[in-house]
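Undergrad: Next come a sequence and a model predicted from it.
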Amino acid sequence: MLNIVLFGPPGAGKGTQSEKLITKYNLIHLSTGDLLRSEIAQKTELGMKAKTLMDNGDLVPDDVVIGMIRSKLNSNNQAKGFIFDGFPRTTAQAQALDELLSEMNTQITCMLALEVDNEELTKRLLLRGKDSGRADDQNEEIIRNRVKEYNNKTAPLKDYYTAQKKFYAVNGIGSIDEIFNSLCQKVENIYIPS
Ligand code: AMP
């Protein structure tokens, strides 16, 4: 299986690049942000609890997102592979993901990190906020909190995957296709289909 963790701060382009990668490599896209937004749209209890945290740019508790990923992995056990987009975001989530995949006799192939500087990120998120209607993209204070959460809790995952020799950085500035080609080059250097 080809199992990719797409990594990068909010606004790095993970959603856009995930869409292209799933088509090219026939993978299942697992975005915890999208799963949570769908819970909110359906007004479930989980969604209502997550909404306040998400609207402030805070992370949702680990057990909530791990539970959602567990159920998606179980219901897609015939997949060729997965793209994890916005997950894991903490070391506890990364450890849980390793365990879940090992129960399926598979593992993470690589973490691909989209690198974009802070100024460009804020610009992109405020622009996205105009179209996406996402509450957490609308205001600079919330965006700054999301970036802070990322730097404190998520950025250390670089070390987690580096220790496993699975970390690969890609320049996240350029055209969508340029960035996509860089990601594909990495995948093809690393992954040999069985
Ligand atoms: P995203 O769409 O990935 O930018 O996620 C939007 C928001 O959903 C984040 O700011 C968090 O509040 C929440 N969220 C998404 N994925 C996770 C995760 N893996 N762990 C904790 N919170 C998450």
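TA: Sure, I can see it.

Undergrad: Just the CA atoms of the lowest-mean-pLDDT helix or strand in the chain, as CSV, please.
TA: One helix or strand of the chain scores below all others by mean pLDDT, DSSP states H and E: helix 118-132, with a mean of 84. Output of helix 118-132 as CSV, limited to C-alpha atoms (Å, rounded to 0.1, in the frame of the first residue of the first chain):
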residue,chain,number,x,y,z
ASN,A,118,4.3,32.5,7.2
GLU,A,119,3.5,35.6,5.2
GLU,A,120,2.4,33.7,2.2
LEU,A,121,0.3,31.4,4.4
THR,A,122,-1.7,34.2,6.0
LYS,A,123,-2.3,35.8,2.6
ARG,A,124,-3.6,32.5,1.1
LEU,A,125,-5.8,31.8,4.1
LEU,A,126,-7.5,35.2,4.1
LEU,A,127,-8.0,34.9,0.4
ARG,A,128,-9.5,31.4,0.9
GLY,A,129,-11.7,32.8,3.7
LYS,A,130,-13.5,35.0,1.2
ASP,A,131,-14.7,32.0,-0.9
SER,A,132,-14.7,29.0,1.4
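
Undergrad: Show me what it is packed up against.
TA: Under the contact definition 3 or more C-beta pairs under 8 Å, 6 or more residues apart in numbering; DSSP states H and E, helix 118-132 sits against helix 140-149. (C-beta placed from N, C-alpha, C; glycine too.)

Undergrad: circling back: now the least confident helix or strand of the chain: buried residues?
TA: For helix 118-132, burial by neighbour count (16 or more other C-beta atoms under 10 Å) applies to L121, T122, R124, L125, R128, G129.

Undergrad: Neighbours of the closest residue to the last one other than its chain neighbours, how many?
TA: This means G129. Among residues not flanking G129 along the chain, D137 sits closest, at 3.3 Å (C-beta to C-beta, 6 or more residues apart in numbering). Neighbourhood size, D137 [other C-beta atoms under 10 Å]: 21.

Undergrad: and if you look at P88?
TA: Applying other C-beta under 10 Å, we find 26 residues neighbouring P88.

Undergrad: other SSEs contacting the helix or strand where N189 lies?
TA: If you go by DSSP states H and E, N189 is part of helix 176-190. Helices and strands touching helix 176-190, by 3+ C-beta pairs under 8 Å, 6+ apart, are helix 14-25, strand 110-115, strand 167-171.

Undergrad: Could you check how far the least confident helix or strand of the chain is from the centre of its chain?
TA: The chain centre lies 17 Å from the centre of helix 118-132; the measure is C-alpha atoms, centre = their mean, to the nearest Å.

Undergrad: How much space separates N76 from the ligand?
TA: N76 sits 18 Å away from the ligand, going by C-beta to the nearest ligand atom, to the nearest Å.
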